[in-house]
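# Any chance you could fold what I've pasted below:
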Amino acid sequence: MIITLDIRVLGNSYFTPDKIVQHHIDSFNKFLDTGLQKIIDEQKIIETDIEGTYIELGKISVGYPVVKEADGAIEVLYPNAARLRNLSYSAPLTLEMTIYQDSQPTTDGPVVANVGNLPIMLRSKVCNLVRKNEDGRSITDEEMITLGEDPIDCGGYFIVGGTERVVMTLEDLAPNKILTEFGERYGDPIEIAKVFSQHRGYRALVTVERGRKSILEVTFPSITGRMNFITLMRALGIVTDEDIVTAVSDDPEIAKFMLENLVEAEVDSMEAAIEKIGSKVATGQAREYQIKRANYVLDRYLLPHLGDKPEDRIPKANFLARMAESCFELALGRRNEDDKDHYSNKRLKLAGDLMEDLFRVSFNRLSRDIKYQLERANMRNRELNVSTVVRADVLTDRLQHPLATGNWVGGRTGVSQLLDRNDHISTLSHLRRVISPLSRAQPHFEARDLHPTQWGRLCPSETPEGPNCGLVKNFAEMVELSTGYDDPEEVKNLLYNTLGVEKFKFICPEIVSTPVYDARDSEEFEKELGSQGHLKPDEFDDTQEMPDIRDKDDYLGGMDYESDFDGDYE
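Numbering: from 1, shown residues only. I've put the predicted structure just below:
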């Protein structure tokens, strides 16, 4: 039997204006549907220093792009008008807010406040070129031409201050996934297991290293130097020797390595382990402060993707045990080191993901400004009113400035670029470009080479010559991008009940000593840390993001993504 394939049908399904930049549009639409509300739900309440006074946040909504004229009239804004008048193609954001005074709401219900303007991607679901009119009819090609628009323009970019800006797709190592590799320290070979733990925009590198005499050591943010693995396991609640060995592995050869670690253990109880960590993170401080600081560091900086509460410590200990087992398996030759260039170990950050990072930081700034305005109004005995404490310009400026300049959160530059309009093909190419965060000043031969897993995903030919060769890439013509799934319970149900995946068995000690940690002190303690310059994950901003790293010396925190495109492509 002969099966014929009509290439024209396949070509028409992929090479259409809708499909060319659909990845950007889908990502931005997901940001509008779930990303905005997720960030508001993370915040939930804006606290103040006034007892019983706070703001409760509700539902956030996005309107359609409009412009406020000089006479106060609000008119519908179309992209070409924004280009000609040097305006930003943005839509108003409204948020439900309720002010509580003496723990009682000051209004009968939530008040809808305008909190700023959000730049809108062309051809996204709230773009005026796509949305339906009051009579349910979409805008026709003839009407687009009348408005000065190009019907075959694919969209996928922003207009800020009259200029067209495209947010680049960034290539990154997969977060929350254990990667193993060989290393060297003082001339001795070592095995390393590392994970980029990412939660709510905060990114922490956690490593477990097997060094001389098979001793395991752990590094993570806010800890200077390396921490003994056994000490950390006992601080997290797995105390007995038997539980620690069982948590790592029941393999006899790995158990021998673990016995060597237990012989060299620094502490034998949970309290002593926490005190040991406290002496490293708060040297020279009072014992009570050291214990409090140690507990805070364990909850907030160690593997934040698993949670930031004391009850999340047992899952963290079991995750560290998996990392330790990976080190021993690498040393015994039972597994190979992970290929960082394999595309299963990569993730792409599209426009929606980058806008979510930007909005999270910008909204944190707005929240702090609202807190200040609320406290100032209360000090002057003024009526606390949502319309007077919210300054919409704060959020608007924080959203538009990075898009206009390319200076993104985390010290990145060149994330948004001026759209290449030399011709239509160069425009499509620019919208489908993928940029690696590796420094172009270093060789990185393996990272620049073609990898077999790039087949069908990235174009093997379209890359610039010169220092950006292999670091600036383009999507293949028939690439399909998948997106993450937001409902973990449905994924678990599919894995456990349909695909037959066995559940991981946590080592949960029967008796776990209660840590010397009072959650009621958390807010006061965070203020102490803030006054001393310690970084807090929940206040992540453009000065706090860790650089994405391939090897420790490979990445630059403030590298330039702008990559000399003009010289390379001419």
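
# rest of the way, CA atoms for contacts and neighbours
Fine.

# isn't Gln101 right up against Thr48?
No. Under the criterion of CA atoms under 8 Å, Gln101 makes no contact with Thr48, lying 10.6 Å away.

# residues shared between the contacts of the two?
Common neighbours of Gln101 and Thr48 (criterion: CA atoms under 8 Å, 6 or more residues apart in numbering): Tyr54.

# which residue sits closest to the residue most central in space within the chain, ignoring its sequence neighbours?
The chain has Gly201 as the residue nearest its centroid, 3.7 Å off, counting by CA atoms, centre = their mean. In this structure, Gly201 finds its nearest non-sequential neighbour in Asp357, 6.1 Å apart by CA to CA, 6 or more residues apart in numbering.

# residues near the one you found, how many?
Neighbour count of Asp357, defined by other CA atoms under 10 Å: 22.

# and the helix or strand where it lies, what does it pack onto?
Here Asp357, judged by DSSP states H and E, is contained in helix 351-379. Secondary-structure packing of helix 351-379 (3 or more CA pairs under 8 Å, 6 or more residues apart in numbering; DSSP states H and E): helix 22-30, helix 36-43, strand 45-47, helix 386-389, helix 392-405.

# picking that back up, just checking, the residue nearest to Gly201 touches Gly410?
No. Using CA under 8 Å, Asp357 makes no contact with Gly410, being 9.5 Å away.

# Report the secondary structure state of Asn114.
strand (DSSP: H, G, I helix; E, B strand; the rest coil).

# Once you drop chain neighbours, what's closest to it?
Among residues not flanking Asn114 along the chain, Thr94 sits closest, at 4.5 Å (CA to CA, 6+ apart).

# That neighbour: what secondary structure?
Criterion first, three-state DSSP; result for Thr94: strand.

# Surely it and Pro110 touch.
No. Contact criterion CA under 8 Å: Thr94 and Pro110 do not qualify, at 11.8 Å.

# Which neighbours do those two have in common?
Residues touching both Thr94 and Pro110 (CA under 8 Å, 6+ apart): none.

# as a whole number, average confidence for stretch 163-177?
Averaging pLDDT along stretch 163-177 yields 95.

# tell me how far it is from the chain's mean position?
What separates the centre of stretch 163-177 from the centre of its chain is 10 Å, taken as CA atoms, centre = their mean, to the nearest Å.

# Equivalent analysis for stretch 445-457, please.
With CA atoms, centre = their mean as the basis, stretch 445-457 stands 24 Å off its chain's centre.

# still on that earlier bit, would you agree the residue nearest to the centre of the chain is in contact with Met355?
No. Contact criterion CA under 8 Å: Gly201 and Met355 do not qualify, at 11.2 Å.

# Need the overlap of contacts for those two.
Common neighbours of Gly201 and Met355 (CA under 8 Å, 6+ apart) do not exist.

# Low-confidence regions, the protein specifically.
1, 17, 510-570 (pLDDT under 70).

# tell me the domain boundaries of it?
The chain resolves into domains spanning 7-172+346-474, 186-340 when parsed by automatic domain parsing.

# Dump those to a markdown table, plus distance to Lys492.
As requested, these are exported to a markdown table (distance: least, CA to CA, whole Å):
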| stretch | distance to Lys492 |
| --- | --- |
| domain 7-172+346-474 | 21 |
| domain 186-340 | 16 |
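
# Of all the ones you listed, which one comes closest to Lys505?
Proximity to Lys505, assessed across the domains of the chain by CA to CA, is greatest for domain 186-340 (9.2 Å).

# CA atoms only: put stretch 397-412 into CSV for me.
The C-alpha coordinates for stretch 397-412 follow below in CSV (Å, rounded to 0.1, in the frame of the first residue of the first chain):
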residue,chain,number,x,y,z
ASP,A,397,7.1,53.0,34.2
ARG,A,398,8.6,49.8,35.6
LEU,A,399,7.0,47.8,32.8
GLN,A,400,7.7,50.1,29.9
HIS,A,401,11.3,51.1,30.7
PRO,A,402,12.8,47.5,30.4
LEU,A,403,10.9,47.0,27.1
ALA,A,404,12.2,50.3,25.7
THR,A,405,15.8,49.8,26.7
GLY,A,406,16.3,46.0,26.9
ASN,A,407,17.6,46.2,30.4
TRP,A,408,15.7,43.3,32.1
VAL,A,409,15.5,42.2,35.7
GLY,A,410,18.5,40.3,36.9
GLY,A,411,21.0,42.6,35.2
ARG,A,412,20.3,41.3,31.7
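
# Can you give me the buried ones in that stretch?
Of all the residues in stretch 397-412, those buried under the rule 16 or more other CA atoms under 10 Å are 398-400, 402-412.

# Check stretch 333-342 too.
Across stretch 333-342, burial judged by 16+ other CA under 10 Å covers 337, 340-341.

# Next, the distance between the ends of that stretch.
Start-to-end span of stretch 333-342 (CA to CA, to the nearest Å) is 20 Å.

# Please compute how far it lies from its chain's middle.
So, by CA atoms, centre = their mean, the centroid of stretch 333-342 is 25 Å from its chain's centroid.

# which of the helices and strands packed on helix 351-379 is buried the deepest?
Burial among those, expressed as mean neighbours by mean count of other CA atoms under 10 Å, is greatest for helix 22-30, which shows a mean of 22.

# which strands and helices sit next to it?
Contacts defined by 3+ CA pairs under 8 Å, 6+ apart place helix 22-30 against helix 351-379.

# what comes up buried for the helix it packs on?
Within helix 351-379, the residues scored as buried using 16+ other CA under 10 Å are 351-367, 369-371, 373-375.

# How about stretch 172-190?
Across stretch 172-190, burial judged by 16+ other CA under 10 Å covers 172-176, 178-182, 190.

# repeat for stretch 64-84
Using 16+ other CA under 10 Å as the test for burial, stretch 64-84 gives 64-67, 77-83.

# okay, those residues in JSON lines with distance to Pro452 and secondary structure next?
Shown next, in JSON lines, are these (distance: CA to CA, whole Å; DSSP: H, G, I helix; E, B strand; the rest coil):
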{"residue": "Tyr64", "distance to Pro452": "44", "secondary structure": "coil"}
{"residue": "Pro65", "distance to Pro452": "44", "secondary structure": "coil"}
{"residue": "Val66", "distance to Pro452": "47", "secondary structure": "strand"}
{"residue": "Val67", "distance to Pro452": "49", "secondary structure": "strand"}
{"residue": "Leu77", "distance to Pro452": "46", "secondary structure": "coil"}
{"residue": "Tyr78", "distance to Pro452": "44", "secondary structure": "coil"}
{"residue": "Pro79", "distance to Pro452": "41", "secondary structure": "helix"}
{"residue": "Asn80", "distance to Pro452": "43", "secondary structure": "helix"}
{"residue": "Ala81", "distance to Pro452": "46", "secondary structure": "helix"}
{"residue": "Ala82", "distance to Pro452": "44", "secondary structure": "helix"}
{"residue": "Arg83", "distance to Pro452": "42", "secondary structure": "helix"}
